[in-house]
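Asks: dropping a prediction and its sequence here:
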Amino acid sequence: MHRRHFILAASGAALTAMVLPRASLANAFEVTRTDAEWRALLTPQEYKVMRKEGTERAGSSPLDKVYDKGTYHCRGCDLKLYSSRHKYDSGTGWPSFYKSLPNAIGTKPDRKLLRVRTECHCRRCGSHLGHIFDDGPRPTGKRHCLNGVSLVFKPV
């Protein structure tokens with residue numbers, strides 16, 4: 001394939017992936033459930049956040065102040081997402097981490113507000129976790145600002 005055709009094909013695929021609705025991406029995940037199954041599994045608040053990309057109220061999650069040793073898992077599929085070693089108090093009212101565990105999350109642009117943000121979700125089931133910002137501590141400089149209702153803490 002000629003370079004120009006390759007670039008056009010690749011950019012078309014990338015553009016398609018960026019504009020496809022979330023429902024079209026649902027089958028791209030290892031763990032899939034029907035809408036009825038998600039509603040049966042989750043509370044209304046968990047469903048709103050995890051499946052409709054909502055946000056819990058700042059300061060409402062007890063996980064914001066948990067600093068015990070352990071791992072934070074996806075509430076939707078139990079995938080290990082974050083280690084307590086990477087958690088810090090961002091002062092935002094949401095559980096915050098400076099990095100995720102390897103191969104744990106996926107990201108996509110979120111254009112719902114006036115500026116583009118980076119949304120993060122569970123790479124295995126697609127559940128919305130929160131957003132990633134560039135104002136975190138070293139060594140990454142990232143702040144994974146997460147909804148506690150999307151997480152389950154498992155102490156060691």
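Replies: Received the coordinates, thanks. Numbers count the residues shown, from 1 in each chain.
Asks: close enough to count as contact, G106 and H121?
Replies: Yes: here G106 reaches H121: they are 5.4 Å apart, a contact under C-beta atoms under 8 Å. In short, each C-beta sits where N, CA and C put it, glycine included.
Asks: which of those two has more residues huddled nearby?
Replies: Neighbours were counted for G106 and for H121 using other C-beta atoms under 10 Å; H121 has more, 23 against 17.
Asks: which residues make contact with the helix or strand hosting the more buried one from outside it?
Replies: H121 is part of strand 117-122 when elements are defined by DSSP states H and E. Under the contact criterion C-beta atoms under 8 Å, 6 or more residues apart in numbering, strand 117-122 has outside partners 53, 74, 76-77, 79, 81, 100, 104-110, 127-133, 144, 146, 150.
Asks: need the three-state assignment for Q45.
Replies: Using DSSP: H, G, I helix; E, B strand; the rest coil, the secondary structure recorded for Q45 is helix.
Asks: low-confidence ranges, this protein, go.
Replies: Along the chain, segments meeting pLDDT under 70 span 1-27.
Asks: what segments of it are strands?
Replies: In the chain, the strands defined using DSSP state E lie at 70-74, 80-83, 87-88, 96-97, 105-110, 117-122, 128-133, 143-146, 151-155.
Asks: export those to CSV and tack on distance to S60?
Replies: Formatted as CSV, the strands of the chain follow (distance: least, C-beta to C-beta, whole Å):
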stretch, distance to S60
strand 70-74, 17
strand 80-83, 19
strand 87-88, 17
strand 96-97, 15
strand 105-110, 21
strand 117-122, 19
strand 128-133, 13
strand 143-146, 13
strand 151-155, 13
